[in-house]
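1. Predicted coordinates and the sequence they were generated for:
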Amino acid sequence: MAIRILAPQLIDQIAAGEVVERPASVVKELVENSLDAGASAIEIETQSGGTRLIRIADNGAGIEAGELPLALARHATSKIDSLDDLEAIASFGFRGEALPSIASVSRLTMTSRQRDEERGWRVAGDGGDLGEARPAAHPPGTTVEVRDLFFNTPARRKFLRTERTELGHIDAVIKGLALACTGVDFRVRHNQRVALTLNGARNHAEREARIAALLGEAFMKQARYFEREIEGMALSGWLAGPGFTRSQADMQYTFVNGRVVRDKLLRHAVRLGYEDVLFQARQPACVLYLTIDPRRVDANAHPAKLEIRFRDSRLVHDFVFRTIEAVLANEAASETVSGGTPPTDAARLHGSDDLAPGLSTSTATASGPAGTRQAGLAFGAAKGREVLSLYERLHAPPAARSERAVADGDGDIPPLGYALAQLSGIYVLAENSDGLIIVDMHAAHERITYERMKQELAEAGLKPLPLLVPLTVRVAASEADAAEAHAGDIERLGFELVRRGRDELRVTAIPSLLEGSDVEALVRDILSDMAEGKGAKRVESSVNETLATMACHAAVRANRKLEVAEMNALLRQMERTERADQCNHGRPTWTRITLPELDRLFLRGQ
């Protein structure tokens, strides 16, 4: 075939293939246009899963009559004018492709009126063929109707799913935009039935009410609000506690400068932040808002603008990860202090001094546990070794309050109360001011031991262990270059690497705590992580895994009889330990049965 310029309508349909994947894509683009127009109220109506009708009406700034046809032209936009604007995107849309792409695969009508105009104007199109703008009655704002989506591209239409599935995608888009712009009213109708009504939030309490309406009351009961700002970046939002997890990452919402994004770097940072408290393959739930200089974000990485790129990806990753880790650590302590009830006030973290003890904001130094295997054994004995007295191990106070003193209200009662008895050699029963506390003594002691080992070993640093026989690892030339570029970082991790050629590295020392690991695989993973901006997390995770195993072996075992003083010592240490609500494997360490719950159980007062 000869080379020729494609027809404009075909160009628009090709562009539509990138922007308009399904009806939910149309809803997203049109609602974002409304938000960019400054709308404070948006109405969304769909029929037949959006294939028959999508109508978006707003009370935004509106479009003047002369610009209505231009709004449906390719690469026509009011949102950018120069390269400087493109490098500092502050709006949802900016490409000028959405409206013409949608119009090319549907029957589109757009009616708009500016606030200072007496009447509105309407322009209609059929598969991309536009008519002239005509006067029309309309309130201030804009309404866009999209009918018969993909009527002229049957191949695209047959790939659509059932009406229920398409509605599910539309609901997910609306939910994300409603979380991104909490101050905007949303009214949603599906098949002429009201599906969702959200009033704009004016304060923090109303924002939480909106999140509860969208994500459920169960999420809000387990979630904690936080704020943190450092080095020109601000992160805020709600983190659900480890007790509220999902089988998939369907309740992880991340927003960058108000834009809904699905960013792998952010999700990885979230996962790492929860790493020490999640149970097996469970996924955390969160709503996170990251604010950063727009010039440090490339929002032009994907036609649908769901994917972005950070200019300082490593710094952003560590900021998000460290913040989440610190918030969860502080949350565990706060929940224990408050008797297990999630606090309602904001946990405000400012600067690196508020990070959890033993953590460092440096991206070059592993912030987790470090030191020699012998140093680790000073805190956790190997499997089979006789466990020392819990009373002595935890530096317990020399006296224990009796249950009689608790009942008499003699003095202040600690959050986890005082021990009453031991049940089945596994559980510690305690009484506090709210009711009955039940503690899994092995899980609790495991977390206490693990956190103490991490803190103590972090102070010692990762010590290199020279290899009797150096290991030669053949790598790609780019990986060898990365090893030289990050030589200082790698050395601080306890490794000693020497480049022996274009594609060859010699490993002469490894962290002593990782003796017996697959050195070659670990070195390759570290170089890969360095290239992706993940820093020292690979080594830190391996060290943590080793310490977790040692802590598990060192923790008090089931069927060991504890004295009351030892049980109380365990409770006091739990109150002082970060993340004490979960063991190293993500299992809960304690629960509470309140007196009203006990009354209901025994039908008291009924």
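-> Okay, I see it.
2. Roughly how far does the closest residue to D440 other than its chain neighbours sit from K454?
-> In this structure, D440 finds its nearest non-sequential neighbour in T589, 5.6 Å apart by C-beta to C-beta, 6 or more residues apart in numbering. For every residue, glycine as well, the C-beta is placed using N, CA and C. Distance of T589 to K454, given as C-beta to C-beta, to the nearest Å: 17 Å.
3. what packs against the longest helix anywhere in the chain?
-> With DSSP state H setting the assignment, residue counts place helix 313-337 as the longest helix in the chain. With contacts defined as 3 or more C-beta pairs under 8 Å, 6 or more residues apart in numbering; DSSP states H and E, the packing partners of helix 313-337 are strand 223-230, strand 233-240, helix 264-273, strand 286-292, strand 347-350, helix 564-576.
4. Turn those into CSV, including mean neighbour count, distance to R157 and mean pLDDT.
-> Formatted as CSV, these follow (neighbours: other C-beta atoms under 10 Å; distance: least, C-beta to C-beta, whole Å; pLDDT from 0 to 100):
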stretch, mean neighbour count, distance to R157, mean pLDDT
strand 223-230, 20, 40, 94
strand 233-240, 21, 38, 96
helix 264-273, 19, 31, 91
strand 286-292, 21, 34, 96
strand 347-350, 15, 49, 40
helix 564-576, 21, 59, 93
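5. Mind putting those into TSV with distance to D148?
-> Output for the helices and strands packed on helix 313-337, formatted as TSV (distance: least, C-beta to C-beta, whole Å):
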stretch	distance to D148
strand 223-230	42
strand 233-240	40
helix 264-273	36
strand 286-292	36
strand 347-350	50
helix 564-576	63
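6. do you know which of these lies nearest I54?
-> For the helices and strands packed on helix 313-337, proximity to I54 was assessed by C-beta to C-beta; strand 286-292 is nearest, at 26.3 Å.
7. any idea how far the closest one is from the chain center?
-> Averaging C-alpha coordinates over strand 286-292 and over its chain gives two centres that are 8 Å apart (C-alpha atoms, centre = their mean, to the nearest Å).
8. Tell me which stretches of the stretch 51-200 of the chain form helices.
-> For the stretch 51-200 of the chain, helices defined by DSSP state H, counting those that start in this stretch occupy the ranges 68-71, 83-86, 98-104, 154-157, 163-180.
9. quick one, which of those is packed in tightest?
-> Comparing those on average neighbours per residue, with mean count of other C-beta atoms under 10 Å, the densest one is helix 98-104 at a mean of 26.
10. Do me a favour and average the pLDDT over that helix.
-> Here the mean pLDDT over helix 98-104 is 88, rounded to a whole number.
11. go on, stretch 476-494?
-> For stretch 476-494, mean pLDDT rounds to 83.
12. What pLDDT is listed against G62?
-> For G62, the pLDDT comes out at 95.
13. Excluding sequence neighbours, find me the nearest residue to it.
-> In space, not counting the residues next to it along the chain, G62 is nearest to Q114; the distance is 3.9 Å by C-beta to C-beta, 6+ apart.
14. That neighbour is in contact with G60, isn't it?
-> No - contact between Q114 and G60 fails when scored by C-beta atoms under 8 Å: they sit 9.7 Å apart.
15. who's more crowded, the two?
-> Taking Q114 and G60 together and counting by other C-beta atoms under 10 Å, G60 has the greater number of neighbours (22 against 17).
16. Which positions in the helix or strand hosting C552 come out as buried?
-> Secondary structure from DSSP states H and E places C552 in helix 537-554. Along helix 537-554, these residues count as buried under the neighbour rule (16 or more other C-beta atoms under 10 Å): 537-544, 546-548, 550-554.
17. who touches L235 in this structure?
-> If a contact means C-beta atoms under 8 Å, 6 or more residues apart in numbering, then L235 has 226-229, 288-291, 319-320, 323 as its contacts.
18. what about it, distance to R228?
-> L235 sits at a distance of 5 Å from R228 (criterion: C-beta to C-beta).
19. where exactly do the helices run in the stretch 401-550 of the chain?
-> Secondary structure of the stretch 401-550 of the chain, counting by DSSP H, counting those that start in this stretch: helices at 403-407, 441-460, 477-485, 487-492, 519-531, 537-554.
20. tell me the angle of the fifth one relative to helix 477-485?
-> What that stands for is helix 519-531. Orientation note: helix 519-531 sits at an angle of 80 degrees relative to helix 477-485 (axes from the mean of the first three to the mean of the last three C-alpha atoms, to 10 degrees).
21. Who are the packing partners of helix 519-531?
-> Packed against helix 519-531 by the contact rule (3+ C-beta pairs under 8 Å, 6+ apart) you find strand 464-474, helix 477-485, helix 487-492, strand 504-511, helix 537-554.
22. Which among those is found nearest to L436?
-> Between L436 and the helices and strands packed on helix 519-531, the tightest spacing by C-beta to C-beta is seen for helix 537-554, at 26.9 Å.
23. Distance from the closest one to the middle of the chain?
-> Chain-centre distance of helix 537-554: 24 Å, with C-alpha atoms, centre = their mean.
24. got it, and stretch 184-195?
-> What separates the centre of stretch 184-195 from the centre of its chain is 28 Å, taken as C-alpha atoms, centre = their mean.
25. neighbouring contacts of it?
-> By C-beta under 8 Å, 6+ apart, the surrounding residues in contact with stretch 184-195 are 35, 39-48, 167, 170-171, 174, 177-178, 196-200.
26. just stretch 204-216 next, same as before
-> Among residues not part of stretch 204-216, those counted as contacts by C-beta under 8 Å, 6+ apart are 175, 178-179, 182, 198-201, 219-220, 223, 225, 238, 251, 285, 287, 346.
27. before we move on, back to that, need the contacts of L235 in CSV with distance to R4, can you?
-> As requested, those are exported to CSV (distance: C-beta to C-beta, whole Å):
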residue, distance to R4
F226, 58
E227, 57
R228, 56
E229, 55
L288, 48
Y289, 48
L290, 46
T291, 47
F319, 51
V320, 49
T323, 54
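28. related to what we said a few turns ago, let me see the contact set for the residue nearest to G62.
-> Contact analysis of Q114 by C-beta under 8 Å, 6+ apart lists 61-64, 140.
29. ok, back up a step: orientation of the helix holding C552 relative to helix 264-273 in degrees?
-> Going by the same axes, to 10 degrees, helix 537-554 makes 20 degrees with helix 264-273.
30. Could you name the helices and strands sitting against helix 537-554?
-> Taking 3+ C-beta pairs under 8 Å, 6+ apart as the contact definition, the neighbouring helices and strands of helix 537-554 are helix 373-377, helix 441-460, helix 519-531.
31. thinking I174 is in contact with V31, fair?
-> Yes - with contacts defined as C-beta under 8 Å, I174 counts as touching V31 at a distance of 7.3 Å.
32. Could you tell me which residues touch both of the two?
-> Jointly contacting I174 and V31 under the rule C-beta under 8 Å, 6+ apart are I44.
33. Dump stretch 225-237 to CSV, restricted to CA.
-> Listed next in CSV are the C-alpha coordinates belonging to stretch 225-237 (Å, rounded to 0.1, in the frame of the first residue of the first chain):
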residue,chain,number,x,y,z
TYR,A,225,-6.2,9.6,59.6
PHE,A,226,-2.6,11.0,59.4
GLU,A,227,-0.7,13.8,57.8
ARG,A,228,3.0,14.2,57.1
GLU,A,229,5.1,16.7,55.2
ILE,A,230,8.8,16.6,54.4
GLU,A,231,11.1,17.9,51.6
GLY,A,232,8.3,19.5,49.5
MET,A,233,6.0,16.4,49.7
ALA,A,234,2.9,16.0,51.7
LEU,A,235,1.1,12.7,52.4
SER,A,236,-2.2,12.4,54.1
GLY,A,237,-5.1,10.0,54.2
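34. All set, thanks.
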